[in-house]
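Peer 1: What follows is a protein structure lacking sequence information:
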């Protein structure tokens, strides 16, 4: 099943072949039915924007407001490593 239309609204890889998404933690979580919650550390580690000084405040604030929510971490600025910026 292709989960990307619902779970990957912000991702540029959504229109690529599903196998291109294998490097994404969301792929593991949703396709392989991983029980491990998708937290900020896992998603941010796969994000090309993680070192952006322009997004530093946004990222820190986003992580703060979602911490301890018990839900999968979400970020509309997520850019999968290997994406064309």
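Peer 2: Looks like it arrived, so ask away. Since we're looking at a predicted model, the values are computed, not measured.

Peer 1: which regions of the protein lie under the pLDDT threshold?
Peer 2: Within the chain, the stretches falling below the threshold (pLDDT under 70) are 1, 83-85.

Peer 1: Residue 55: what's it in contact with?
Peer 2: 49, 77 (Cβ atoms under 8 Å, 6 or more residues apart in numbering). The C-beta positions use only the backbone N, C-alpha and C, and glycine is treated the same way.

Peer 1: all helices of the protein, in order?
Peer 2: Here the chain has its helices, by DSSP state H, at 4-7, 25-31, 40-45, 56-66.

Peer 1: gap between the last one and the chain center?
Peer 2: Taking Cα atoms, centre = their mean, to the nearest Å, one finds the center of helix 56-66 at 14 Å from the center of the full chain.

Peer 1: what's that helix packed up against?
Peer 2: helix 40-45 (3 or more Cβ pairs under 8 Å, 6 or more residues apart in numbering; DSSP states H and E).

Peer 1: so what does the helix it packs on touch, helix or strand wise?
Peer 2: helix 25-31, helix 56-66.

Peer 1: so how far is the first one from its chain's centroid?
Peer 2: Put plainly, it is helix 25-31. How far helix 25-31 lies from its chain's middle: 10 Å, per Cα atoms, centre = their mean.

Peer 1: so what's residue 3 closest to, chain neighbours aside?
Peer 2: residue 30 (4.4 Å; Cβ to Cβ, 6 or more residues apart in numbering).

Peer 1: And for residue 10?
Peer 2: residue 76 (4.4 Å).

Peer 1: how close does the one you found get to residue 11?
Peer 2: Separation of residue 76 from residue 11 (Cβ to Cβ, to the nearest Å) stands at 10 Å.
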